[in-house]
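In: Fold the following.
(2 chains)
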Amino acid sequence: ELKVEQNPLFLSMQEGKNYTIYCNYSTTSDRLYWYRQDPGKSLESLFVLLSNGAVKQEGRLMASLDTKARLSTLHITAAVHDLSATYFCAVDKYGGSQGNLIFGKGTKLSVKP
Amino acid sequence: NAGVTQTPKFQVLKTGQSMTLQCAQDMNHNSMYWYRQDPGMGLRLIYYSASEGTTDKGEVPNGYNVSRLNKREFSLRLESAAPSQTSVYFCASRGDNLGGKLFFGSGTQLSVL
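Out: Alright, predicted model coming up:
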């Protein structure tokens, strides 16, 4: 059974600081997804990582994928309040792109002044 | 461009009542999904439809039925609602390109009393 584990589950940061969210998964997969959810809102796609060593960056967020270690990281650089949200990683159950995504429990990020 | 549209946004049911959640997408996507989100649990896949005319069970299908009415529409039915089905339900669709990422609707908040 595929398991996707994120840590930490809660993260309180000060503005301007850096931090990393970790996503471990238990089965072989060549792609991983990161989503963002604002309170009371839907999920928005942040990154699709399609191969080992993939790195993608958008603003203050950078995601990477190590398929051999079954690990993805979401790095936050110089956090700002607007980044406060819950971040989910997800892996396709069948290791490909069928869309049967298994989600982690999410990391609730709070950025404080 | 509406994307993925879900109705209703909110619903309160009594135990044993039935209802159907509606979902439509206008992106010409083949695959559609129903997820539920519970606090601290991430998102869990209920049912999915890889193409028009096909449906398959996800992680938590018990108590639900689905219908893929046509390529655009995918409905989720609760035949006899139970308090354990109190949750936020998200419909999503996936195109064959774009790395397999999902596009989510705005969600339905369902309470079963």
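In: Beta-bridge partners for the residue most central in space within chain B, please?
Out: Note on chain B: the residue nearest the mean C-alpha position is B:Trp34, at 2.9 Å, using CA atoms, centre = their mean. When bridges are called by DSSP bridges, B:Trp34 pairs up with B:Tyr47, B:Cys91.
In: measure it to B:Cys23 for me?
Out: Distance from B:Trp34 to B:Cys23, counting by CB to CB, to the nearest Å: 7 Å. Glycine gets a C-beta too; all of them are placed from N, C-alpha and C.
In: Now tell me what touches the lowest-mean-pLDDT helix or strand in chain A from outside.
Out: Ranking every helix and strand in chain A by mean pLDDT, DSSP states H and E puts strand A:101-103 at the bottom, with a mean of 90. Residues outside strand A:101-103 that contact it (CB atoms under 8 Å, 6 or more residues apart in numbering or on different chains): A:2-4, A:25, A:33, A:35, A:88-93, B:42-45, B:59, B:102.
In: helices and strands around whatever helix or strand comes next after it, which ones?
Out: Per DSSP states H and E, strand A:101-103 leads on to strand A:107-112 as the next helix or strand towards the C-terminus. Strand A:107-112 sits against strand A:10-14, strand A:85-92, with contacts defined as 3 or more CB pairs under 8 Å, 6 or more residues apart in numbering or on different chains; DSSP states H and E.
In: got the angle for strand A:107-112 vs strand A:85-92?
Out: In terms of direction (axes from the mean of the first three to the mean of the last three CA atoms, to 10 degrees), strand A:107-112 departs from strand A:85-92 by 160 degrees.
In: Residues touching strand A:107-112, excluding its own?
Out: A:6-15, A:21, A:76, A:79-88.
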